[in-house]
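Undergrad: Predicted model, plus sequence, below.
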Amino acid sequence: MKYTISEKYNCVIIAPKGKILGGPDAEIFRNDLQKLIDEGKKNVIFDLAKVHFMNSSGIGILIGGFKTMRANGGDIKLCNADKRITSLLMVSHLNTVFDTHPDLDSAIKAYGN
């Protein structure tokens, strides 16, 4: 899983590109989240605009990240999910767990920015 990390209005935006499949990427992602937590950055947005496929291991990455952030006083919001990923979140009932938004601006506003 390739992704960029940027900041906007006191939010960290993680923007993956391509496929989210799990594997060794999960450990790299966990380490990056821990670095953010160590820096006191706890408002995270996972921008799915450029994600075209996610399997169950990819969902595991999202859940693991969510649990890590919540355990450390933070949160992860999702935005820009396409129809396929939105459907996957609904089938797995994760749409009731994650705060999802149609675009980046509404996700940023949800953090009170």
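TA: Perfect, I can see it now.

Undergrad: Could you pull up the residues touching the residue nearest to S6 when sequence neighbours are not counted?
TA: What sits nearest to S6 in space, not counting adjacent residues and going by Cβ to Cβ, 6 or more residues apart in numbering, is I13, at 5.0 Å. In this view, the C-beta of every residue, glycine as well, is placed from N, C-alpha and C. By Cβ atoms under 8 Å, 6 or more residues apart in numbering, the contact set of I13 is 5-7, 44-45, 47, 104.

Undergrad: what bridges to I13?
TA: S6, I45 (DSSP bridges).

Undergrad: any idea of the pLDDT on it?
TA: If you check I13, the pLDDT there is 97.

Undergrad: State the distance from it to P24.
TA: 23 Å (Cβ to Cβ, to the nearest Å).

Undergrad: ditto for N55
TA: N55 is 15 Å from P24, by Cβ to Cβ.

Undergrad: What of I108?
TA: In terms of Cβ to Cβ, I108 sits 30 Å off from P24.

Undergrad: quick one: which of these two has more around it?
TA: I108 (20 against 8; other Cβ atoms under 10 Å).

Undergrad: Let me know the helix or strand that the more buried one is in.
TA: helix 104-110 (DSSP states H and E).

Undergrad: Mind giving me the packing neighbours of that helix?
TA: strand 11-20, strand 43-47, strand 75-79, strand 99-101 (3 or more Cβ pairs under 8 Å, 6 or more residues apart in numbering; DSSP states H and E).

Undergrad: Tell me which of the ones you listed approaches T86 most closely.
TA: T86 lies closest to strand 99-101 among the helices and strands packed on helix 104-110, at 7.6 Å (Cβ to Cβ).

Undergrad: Return the list of helices and strands in contact with the closest one.
TA: Using 3+ Cβ pairs under 8 Å, 6+ apart: strand 99-101 touches strand 75-79, helix 104-110.

Undergrad: will you turn those into JSON lines that also has distance to V91 and mean pLDDT?
TA: What follows is these, written out as JSON lines (distance: least, Cβ to Cβ, whole Å; pLDDT from 0 to 100):
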{"stretch": "strand 75-79", "distance to V91": "15", "mean pLDDT": "95"}
{"stretch": "helix 104-110", "distance to V91": "22", "mean pLDDT": "96"}
